[in-house]
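In: No letters, just coordinates:
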């Protein structure tokens, strides 16, 4: 069982930055690939970024590539999403997810956090 708690959301201006954190419980954090997803009002939840358990491989949605960076600190059981050059279309609730498989975390997780709101004003 893994419990995930996101934090760091809030209001930012276009062009600004935010850093999201996702803290995980349990002693097996490094055995899970982690992903970030987001859901805007009236839209389906979409993949944003993912990272392997060891942190050596990452992948991003085209819409955020070059602006967002996913990373993790296994000693702190935490995964991060650094979001730079924010755009109003980045406004959404952001969720982290855990999956034993790096391939499968692309579509979802076995465990999900409760989400954190990110709002970008123009």
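Out: Looks like it arrived, so ask away. For clarity, every value in this text was computed on a predicted model and none was experimentally measured.

In: Dead centre of the protein: give me the residue that sits there.
Out: For the chain, residue 36 is the residue whose C-alpha lies nearest the centre (CA atoms, centre = their mean; 2.6 Å).

In: What lies in contact with the strand or helix carrying that residue?
Out: Element membership for residue 36 (DSSP states H and E) is strand 33-39. Contact with strand 33-39 is made by 20, 22, 45-53, 70, 72, 79, 81, 90, 92-102, 104-106, 108-109, 115, 118, as judged by CB atoms under 8 Å, 6 or more residues apart in numbering. In this view, the C-beta of every residue, glycine as well, is placed from N, C-alpha and C.

In: Please pull up the helix or strand immediately following that strand.
Out: Assigned by DSSP H and E, the successor of strand 33-39 is strand 46-51.

In: Please name every helix or strand in contact with that next one.
Out: strand 33-39, strand 58-60, strand 68-73, strand 78-83 (3 or more CB pairs under 8 Å, 6 or more residues apart in numbering; DSSP states H and E).

In: again, only using 7 Å
Out: strand 33-39, strand 58-60, strand 68-73 (3 or more CB pairs under 7 Å, 6 or more residues apart in numbering; DSSP states H and E).

In: out of these, which comes closest to residue 7?
Out: strand 33-39 (13.1 Å; CB to CB).

In: Give the partner strands of the closest one in its sheet and their orientations.
Out: Using DSSP bridges, strand 33-39 pairs in its sheet with strand 46-51 (antiparallel), strand 92-99 (antiparallel).

In: Pull out the buried residues from that strand.
Out: Residues of strand 33-39 classed as buried: 33-38 (neighbour count, 16 or more other CB atoms under 10 Å).

In: How far does that strand sit from its chain's centre?
Out: Relative to the chain's own centre, strand 33-39 is displaced by 4 Å; criterion: CA atoms, centre = their mean, to the nearest Å.

In: That strand to strand 78-83, inter-axis angle?
Out: 40 degrees (axes from the mean of the first three to the mean of the last three CA atoms, to 10 degrees).

In: average pLDDT for strand 33-39?
Out: Across strand 33-39, the average pLDDT comes to 98.
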